[in-house]
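S.K.: Below: sequence and its predicted model.
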Amino acid sequence: MKLTILGCSGGIGSGRHTTCLKVDDDVLIDAGTGITTLDFEQLLAIDHVFLTHAHLDHTLGLPLLLDSVGDLRATPLTVHALPEVLAVLSTHLFNWHLWPDFREIPSAESPWLRFAPLDFGEALTLKGRTFRPLPVNHVVPACGVHLATTAGSLVFSGDTTHSDAFVAALNAIPDLCHLIIDTSFENALVDIAQASKHHWPDSLAAELQALSVRPELWITHLKPGNEAAIMNELRAAAPNWGLEALMQGQVIEL
Ligand SMILES: Nc1ncnc2c1ncn2[C@@H]1O[C@@H]2COP(=O)(O)O[C@H]2[C@H]1O
């Protein structure tokens, strides 16, 4: 399994892209502005999109992707997400007002887009890669993703702040090789981190103390301009972890 980081920033500007991770050639986890780094052939190869939550910085590429390649696809693009997330997309995005409902285009019988609810406790296996939603703690319904392969596991937290349930889920994955986890704000911005339910360095450091597994640790969703300060505070708060900032363009192989 090859995970390519198309975007992993908490914002945009000076080449930064928001969250979009590509699994091999055919699956995306989230569809933020990182999707715009793909060429047309690569866009056409995407058959599945797994969404962690409905926030725009994780979904705005989806309607554009469908409009760009929908007519060339032989099968519908399938969006996998929590039922609550799909309900938000139905009501607020693919509603004929903000964007056409591609679940009915060109016809409801043969559409370009299909929604596939995936709830907690369920798993989806696509060509030997298993995707499982994990509980997290964000301002809107959201999940992390456990990506399991025969070579080991990777977890992507999506957007989250402290969650006992997430820690328990991580500790139950003995073959966890990589953990990609949110730390969006520096410690001085604890108020906005709490209001928007993201980690800040001190909260992540506390969370790490409860981990009984020892994955490689990658920090994602750093807010633009604050990346170095957040990483410096994290390294000071969690000196026993060799944590690194996840980088756009990076490839993680399992
Ligand atoms: N009170 C708030 N609640 C949620 N998000 C907020 C708030 N104030 C500012 N924000 C910003 O809005 C952003 C929405 O997307 P993010 O969760 O990536 O990060 C959030 C914050 O940067």
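M.R.: Happy to help now that I have it.

S.K.: quick one: the strands in the stretch 1-150 of the chain?
M.R.: Secondary structure of the stretch 1-150 of the chain (DSSP state E, counting those that start in this stretch): strands at 2-7, 20-23, 27-29, 48-50, 77-81, 113-117, 124-126, 129-135, 143-149.

S.K.: what's the following helix or strand past the last one packed up against?
M.R.: Okay, so that is strand 143-149. Note on strand 143-149: by DSSP states H and E, the next helix or strand toward the C-terminus is strand 152-156. If contacts are counted by 3 or more Cβ pairs under 8 Å, 6 or more residues apart in numbering; DSSP states H and E, strand 152-156 sits against strand 143-149, strand 176-182. For the C-beta atoms, the positions are set from N, CA and C on the backbone; glycine is no exception.

S.K.: wait, which of those is closest to Phe50?
M.R.: When the helices and strands packed on strand 152-156 are compared by Cβ to Cβ, strand 143-149 sits nearest Phe50, at 6.2 Å.

S.K.: circling back to that earlier point, export the strands of the stretch 1-150 of the chain to CSV and append columns for distance to Ser68.
M.R.: CSV is the format used below for these (distance: least, Cβ to Cβ, whole Å):
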stretch, distance to Ser68
strand 2-7, 15
strand 20-23, 15
strand 27-29, 14
strand 48-50, 14
strand 77-81, 11
strand 113-117, 13
strand 124-126, 22
strand 129-135, 24
strand 143-149, 25
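
S.K.: Export these as CSV, with columns for mean pLDDT, distance to the ligand and mean neighbour count.
M.R.: CSV is the format used below for these (pLDDT from 0 to 100; distance: least, Cβ to the nearest ligand atom, whole Å; neighbours: other Cβ atoms under 10 Å):
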stretch, mean pLDDT, distance to the ligand, mean neighbour count
strand 2-7, 98, 12, 21
strand 20-23, 99, 14, 26
strand 27-29, 99, 16, 25
strand 48-50, 98, 18, 23
strand 77-81, 98, 17, 22
strand 113-117, 98, 23, 16
strand 124-126, 97, 25, 14
strand 129-135, 98, 17, 20
strand 143-149, 98, 15, 23
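
S.K.: excluding its backbone neighbours, what's nearest Leu72?
M.R.: Nearest non-adjacent residue to Leu72, counting by Cβ to Cβ, 6 or more residues apart in numbering: Leu44, 5.9 Å away.
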